[in-house]
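In: sequence and computational prediction follow.
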Amino acid sequence: MARTVLVTGGNRGIGLAIAQAFVKQGDRVAVTYRSGAAPGTDTPDVETGAGRLFGVRCDVTDSDSVDAAFTAIEAELGPVEVLVANAGITDDTLLLRMSEEQFTGVLDTNLTGAFRCAKRASTKMLRARWGRMIFISSVVGLYGSPGQVNYAASKAGLVGVARSVTRELGSRNITANVVAPGYVETDMTAALPDDRKTEYRKAIPAGRFAAADEVASAVTWLAGDSAGYISGAVIPVDGGLGMGH
């Protein structure tokens, strides 16, 4: 059965791969983007012929912008039944050099932004007595990383959000889970120096970076009926790097 799916930050990278995976299985998919164009919104997915992405400009650090985005999606596609909170930023520097603005700015997007979207989505999910929330965290949130105190804190916080949502809304057939990717083949990792990529691969038991589609597969599975009894879980997609940390 086709459902209405929202992927925040779904105009590129992992978010776009997730959005396209839902489109391929026949769902109605909206993506939010903060600036520029929303790739995939103007052209059908030629490879699958599955349909289009509905692009909505949204700043997840602004509650009014989040509400307006949801209102537009509800008018075009119907109430959001599957929320994938993927929008995120980095602002890396060592602890002693990190300003309060750098710390709070990353948390406002990655953590509080996810809260804003989950809160807005929950109203319709509660009415329908069905919903799926999937928060895109990171191995860094559980494993830690030098120079990323702000990012790690924001991604670790998503685990607490998902588990609290599970305890609050689980009786209404609403699940909340976390997907924690490791290093993924994206434009960002492609720009890393070769020696850095070699170093990272040595630390990964699988010996390679993930494909974005592998992250998307975990997300679509969690959103499906077969994962209806899974809630409050953290699913690592990291090639064994974190091993449950």
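Out: Sure, I can see it.

In: only C-alpha atoms for contact and neighbour calcs from this point on.
Out: OK.

In: run through the neighbouring helices and strands of the longest helix along the chain.
Out: For the chain, the helix with the greatest residue count under DSSP state H is helix 149-169. For helix 149-169, the packing partners by 3 or more Cα pairs under 8 Å, 6 or more residues apart in numbering; DSSP states H and E come out as helix 100-107, helix 113-128, strand 131-136, helix 139-143, strand 174-181.

In: and these, which one averages the lowest pLDDT?
Out: For those, mean pLDDT drops lowest on helix 139-143, to a mean of 94.

In: give me the contacts around that helix.
Out: Helix 139-143 has contacts (Cα atoms under 8 Å, 6 or more residues apart in numbering) with 151-157, 180-182, 236, 238, 241-242, 244-245.

In: quick one on the thing from earlier: could the helices and strands packed on helix 149-169 go into JSON lines alongside distance to Asp225 and mean neighbour count?
Out: Listed next are these as JSON lines, based on distance: least, Cα to Cα, whole Å; neighbours: other Cα atoms under 10 Å:
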{"stretch": "helix 100-107", "distance to Asp225": "31", "mean neighbour count": "18"}
{"stretch": "helix 113-128", "distance to Asp225": "15", "mean neighbour count": "19"}
{"stretch": "strand 131-136", "distance to Asp225": "10", "mean neighbour count": "27"}
{"stretch": "helix 139-143", "distance to Asp225": "26", "mean neighbour count": "21"}
{"stretch": "strand 174-181", "distance to Asp225": "11", "mean neighbour count": "27"}
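
In: so where's this protein uncertain?
Out: Residue ranges of the chain with pLDDT under 70: 36-51.

In: spatially central residue in it, please.
Out: The centroid of the chain falls nearest to Asn86 when counting by Cα atoms, centre = their mean (2.2 Å).

In: spit out the contact partners of it.
Out: Counted by Cα under 8 Å, 6+ apart, Asn86 has contacts Val7, Thr8, Gly9, Gly10, Gly15, Ala114, Phe135, Ile136, Ser137.

In: re earlier: pull out the buried residues from the longest helix of the chain.
Out: Across helix 149-169, burial judged by 16 or more other Cα atoms under 10 Å covers 149-159, 161-163, 165-166, 169.

In: next, work out how far apart the residue nearest to Phe103 when sequence neighbours are not counted and Ala212 are.
Out: Of all residues not flanking Phe103 in the chain, Asn150 sits nearest, at 4.8 Å (Cα to Cα, 6 or more residues apart in numbering). For Asn150, the distance to Ala212 equals 24 Å [Cα to Cα, to the nearest Å].

In: can you tell me the helix or strand for Arg196?
Out: Using DSSP states H and E, Arg196 falls within helix 194-203.

In: alright, I will stop here.
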